[in-house]
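Q: Here is my input; please provide its structure:
(chains A and B)
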Number of protein chains: 2
Amino acid sequence: MMREATVGANHNALAVRRVGIDTYRENVAYLHRDCAIYRAEGFQALSKIEVVSLDQHLIATVNVVDDDAIVAPGELGLSEQAFAQLGASAGVMVKVAHAGRALSMNAVRRKIAGARLTAQDYKNIVGDIAGNRYTKTEIAAFVVATAQNELDREEVFYLTEAMVGSGDRISWREPLVADKHCIGGIPGNRTSMLVVPIVAAHGMLMPKTSSRAITSPAGTADTMEVFCDVDISIDRLQEIVQAQRGCLAWGGKAQLSPADDILISVERPLGIDSRGQMVASILSKKLAAGATHLLVDIPIGPSAKVRHMADAQSLRKIFEYVGDRVGLQIEIIITDGRQPIGRGIGPVLEARDVMMVLQNDPLAPIDLRQKALRLAGRILEFDPDIRGGQGYAIARDILDSGRALNKMNLIIDAQGRHKNPPMLGERAFDVPSPATGIVIAIDNLQLARIAHYAGAPMEKGAGVDLFKKLGDAVNEGESLFRVYSRYPAEQNFAHELCNDQSGFTIGSAELIPKAFVDS
Amino acid sequence: MMREATVGANHNALAVRRVGIDTYRENVAYLHRDCAIYRAEGFQALSKIEVVSLDQHLIATVNVVDDDAIVAPGELGLSEQAFAQLGASAGVMVKVAHAGRALSMNAVRRKIAGARLTAQDYKNIVGDIAGNRYTKTEIAAFVVATAQNELDREEVFYLTEAMVGSGDRISWREPLVADKHCIGGIPGNRTSMLVVPIVAAHGMLMPKTSSRAITSPAGTADTMEVFCDVDISIDRLQEIVQAQRGCLAWGGKAQLSPADDILISVERPLGIDSRGQMVASILSKKLAAGATHLLVDIPIGPSAKVRHMADAQSLRKIFEYVGDRVGLQIEIIITDGRQPIGRGIGPVLEARDVMMVLQNDPLAPIDLRQKALRLAGRILEFDPDIRGGQGYAIARDILDSGRALNKMNLIIDAQGRHKNPPMLGERAFDVPSPATGIVIAIDNLQLARIAHYAGAPMEKGAGVDLFKKLGDAVNEGESLFRVYSRYPAEQNFAHELCNDQSGFTIGSAELIPKAFVDS
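A: Numbers count the residues shown, from 1 in each chain, chains lettered A, B, ... in the order given. I've put the predicted structure just below:
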């Protein structure tokens, strides 16, 4: 019955071309408007296509190109990330096919309609996300749907397991692998760089893999990179950890919960960070990194992620429930999140604070030291031989004796010490107090934003150096903090932002909010 | 206190460059990775920036470019739509600033948390969307949030009013301006091209503006364009309507509810089409187009948008409620949506069906004729001088007498008749029945998809011509329908899809689902 059964064998083959555009975690394919294959997609961009080479395939969103210099009619342009993912060379012939909507989007639509999803649903969704089969808008739909009809504990467990299953999982072949995590939002909070050398100096295994900053002015990986390499292969990491009992590396090299990275890249710009997603994100990363024992730091404060003790407690229950289900021993510590920790915000400045604490410098920020000791003490108590309550004293001895500094230097050398560490940005301006009084509030979000606009973390030397903290007296015109940048444009952005809102509130002492720390 | 108060005046100026990439309703700005200004945005794409020229500003998503041929370090590349929106010439210097998240996203987050939003919230959100201040993922967040916590009637009213307010509004300066709308999903359903000439021939004003197809194989505008121009300025439209009492034009030229177009561009690919959004979308477009009386066609069928009478009735109540609030007189008609209407699917084929009905051709598809007469009859009854129940007979007289054909020819001439109308695609294949029996189901979605893959609506001559309809007897191997295309690639796509699933089910007569038409 076919009136024209023969269709050319290469009817939809195109030559791959690398297009030098970074579309950040979304595969984009560039098709010329006059390309015969494009026409079949209908007259609009945003269609999804499947690109098939001899041994790979990927899903990409189509952008239509009118400029032969970018892509010609017989070519298929791929953005940097899509090109890398296909793993083919330029000029290789690929086929293009209609990409239907990922099947698991049906489950997302059921979630939108209010349904509880099954373990299999989450496996399918996370698998499709990790396989780049969702567009950015489809990921946004999933993020909003699971934020809105709040996931119940069981669903958080399913999502966590699915995310762990989407990538690799490191095994350290030891019964106790310690890790820590802060749920975030507190600038300058670089406790990991103190906790790891203390815990490792004690002999407990603590192979810390961290993320780089996404929207914050510095992640642990960004700050550690001031001293040494952090982009280290899993094999070398295993050697380093075997010798040193600890490391402070970037986790991005390994495929640890890759779906999580993709979800975060959509959640952050949307400003959506629901409890269920947060717990699944953190626990999946830690499980994939091989942790068996985990300390979770939940800071509370008026500009922290968690603002009330009741919210912290309910978050704690979800962590504990899912931790038990996945076999991860979890301790929760609720800390003071009313203001940044330490003085520096930004990689070089935070690295300086960390070194001052390790060197027992009398001018070291006391809050950073105290918090790191509390966290390290709680982690040391994962050791069955340490009595409850003794961890803090042991941690303090390790720090005061210089053993923590020594261990940090060994780790830095093992990871590859930088001969010429980055310097502080050469451009700086001070932000003066508008009034005489007491510092009664420091907005974490605003200070992070100022440091970010100033260029951190991309410019390691950019950031904010705080001269005043909560409760300090200040005179009108006295400097509250200094902002460092490298480029004029960045300095200007940060300056405009400070003019708009410095993040500091000056008032009288009785207005300082109480801390909600646990005992 | 400023240590470096002077910042260069042109510190963040860049030369605009048009980048020949069509990013379809999302503004994209291309910044070179080595551009000093880009660095301030942090090391990632997807940041949002505000682009400011002397007299315009727009929000765009950043893509980072590594290829000087696309954009050089001192330049700001803009995708086609962003370049057009800025309205500047290439080379003009613009400034770039951080674009904060649109303020109204706070209301979207409240909606995600389950809140009811106010009229002012919807005004702010729709204003930001129409002003291109939302990214695609932010729009997806709004779409999902309002689909999940179903909008109540009051919110649908707020959203409708906000969408009307986001664009222009045509006034026809007459007390009765008729319009019709089908909620969609039924291929071949080209009743407007029959209803408008009938109603206009009677003398009632019916200035119909339609959309082009987005995901369907043909919209009314695509099909009318087989005969004549549809891309007509509002001024000329006013002249044509004054002379002919009707028109069949594309509504895209006017800024009628522009936020709606943007929302639809995200909803459709996600496959999300909630009732509240649908009602607000339809009514805002009709109000903006100046309608005072509206007939809404809700087809019911197993593969239609609405599958059960109860759903149709609840949808009807929302239409009626919002119609009353905005002062639009609404009639609802519930029709048989079990299968495509007429025989052709695709612009040329549907245009052929329409002409056969207008010409009273004895082979004209009877279902298309009957449905058009029913709809036209109901619209004529908006006329206070016509008794309830008499509309159908009047419509039939107008059609049978040739007055509707005459009016259609006058409208086509007025809009600008095409001397060389497009032809049917020269490539065709037939799809045979797999068995002998009765046609008991035709899947609207699958037939639409086949016509779309074959090239419709971009290729006017592409599409599907049905030989069999529900209840028809068919022998094994006998042709069910023919698929027309222009290009081999398109033919092949359509052919693969037909092999996968023809959309026809053959069985025995008692299995045909009942029609849910109202009396």
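Q: pLDDT below threshold where in the stretch 401-519 of chain A?
A: A:516-519 (pLDDT under 70).
Q: Same check on the stretch 1-150 of chain A?
A: A:1-12, A:37-46, A:100, A:149.
Q: ok, which stretches of it are helices?
A: Along the stretch 1-150 of chain A, counting by DSSP state H, counting those that start in this stretch, helices occupy A:36-39, A:80-86, A:105-112, A:119-130, A:136-148.
Q: between the third one and helix A:119-130, how big is the angle?
A: Pointing back at helix A:105-112 there. Put simply, helix A:105-112 runs at 120 degrees to helix A:119-130, going by axes from the mean of the first three to the mean of the last three Cα atoms, to 10 degrees.
Q: Which elements pack onto helix A:105-112?
A: Here helix A:105-112 touches helix A:119-130, helix A:136-148, helix B:136-148, going by 3 or more Cβ pairs under 8 Å, 6 or more residues apart in numbering or on different chains; DSSP states H and E. (Each C-beta comes from the backbone N, C-alpha and C, glycine too.)
Q: same thing but 10 Å
A: When contacts are defined as 3 or more Cβ pairs under 10 Å, 6 or more residues apart in numbering or on different chains; DSSP states H and E, helix A:105-112 sits against helix A:119-130, helix A:136-148, helix B:136-148, helix B:258-270.
Q: now those helices in a markdown table, with distance to residue B:59 and mean neighbour count?
A: Converted to a markdown table, these look like this (distance: least, Cβ to Cβ, whole Å; neighbours: other Cβ atoms under 10 Å in any protein chain shown):
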| stretch | distance to residue B:59 | mean neighbour count |
| --- | --- | --- |
| helix A:119-130 | 27 | 22 |
| helix A:136-148 | 16 | 26 |
| helix B:136-148 | 10 | 26 |
| helix B:258-270 | 12 | 22 |
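Q: Of all the ones you listed, which one comes closest to residue A:208?
A: Closest approach to residue A:208 among these (Cβ to Cβ): helix A:119-130, 23.6 Å.
Q: Nearest residue to residue A:95 in space, ignoring adjacent ones along the chain?
A: Spatially, and ignoring its direct neighbours in sequence, residue A:95 is nearest to residue A:52 (4.7 Å; Cβ to Cβ, 6 or more residues apart in numbering or on different chains).
Q: now that neighbour: how far from residue A:136?
A: For residue A:52, the distance to residue A:136 (Cβ to Cβ, to the nearest Å) stands at 22 Å.
Q: What separation is there between residue A:178 and chain B?
A: Distance, residue A:178 to chain B, using Cβ to the nearest Cβ, to the nearest Å: 30 Å.
Q: dump the residue contacts of that residue.
A: Residues in contact with residue A:178 (Cβ atoms under 10 Å, 6 or more residues apart in numbering or on different chains) are A:195-196, A:199-200, A:202, A:204-208, A:245-246, A:291-295, A:329, A:376, A:379-380, A:382-383.
Q: Mind checking which of these are in helices?
A: Applying DSSP state H to the contacts of residue A:178, the entries found in helices are A:195, A:196, A:199, A:200, A:202, A:376, A:379, A:380.
Q: wait, the first one sits on residue A:246?
A: Yes. The pair residue A:195 and residue A:246 qualifies as a contact (Cβ atoms under 10 Å) at a distance of 9.3 Å.
Q: So residue A:284 versus chain B, what's the distance?
A: In terms of Cβ to the nearest Cβ, residue A:284 sits 22 Å off from chain B.
Q: hang on, that residue packs against residue A:160?
A: Yes. With contact defined as Cβ under 10 Å, residue A:284 reaches residue A:160; the gap is 5.0 Å.
Q: Close to chain B: what parts of the stretch 401-519 of chain A are there?
A: Taking Cβ under 10 Å from any Cβ of the partner chain, the part of the stretch 401-519 of chain A that reaches chain B is made up of A:426-433, A:449, A:452-459, A:462, A:477-480, A:482-483, A:485-498.
Q: buried subset of those residues?
A: The neighbour-count criterion (16 or more other Cβ atoms under 10 Å in any protein chain shown) marks A:427-433, A:449, A:452-459, A:462, A:479-480, A:482-483, A:485-495, A:497-498 among those as buried.
Q: residue boundaries of the strands in the stretch 201-350 of chain A?
A: A:206-210, A:246-250, A:293-300, A:329-336, A:344-345 (DSSP state E, counting those that start in this stretch).
Q: From the contact counts, what lies against the shortest one?
A: In other words, strand A:344-345. Packing contacts for strand A:344-345, counted by 3+ Cβ pairs under 10 Å, 6+ apart, involve helix A:347-358, helix A:444-453, strand A:463-466, strand A:479-485.
Q: okay, the angle between the last one and helix A:444-453?
A: On the basis of the same axes, to 10 degrees, strand A:479-485 is oriented at 40 degrees to helix A:444-453.
Q: thinking again about what came up before, who touches both of residue A:284 and residue A:160?
A: Common contacts of residue A:284 and residue A:160 (Cβ under 10 Å, 6+ apart): A:126, A:257, A:260, A:322, A:326.
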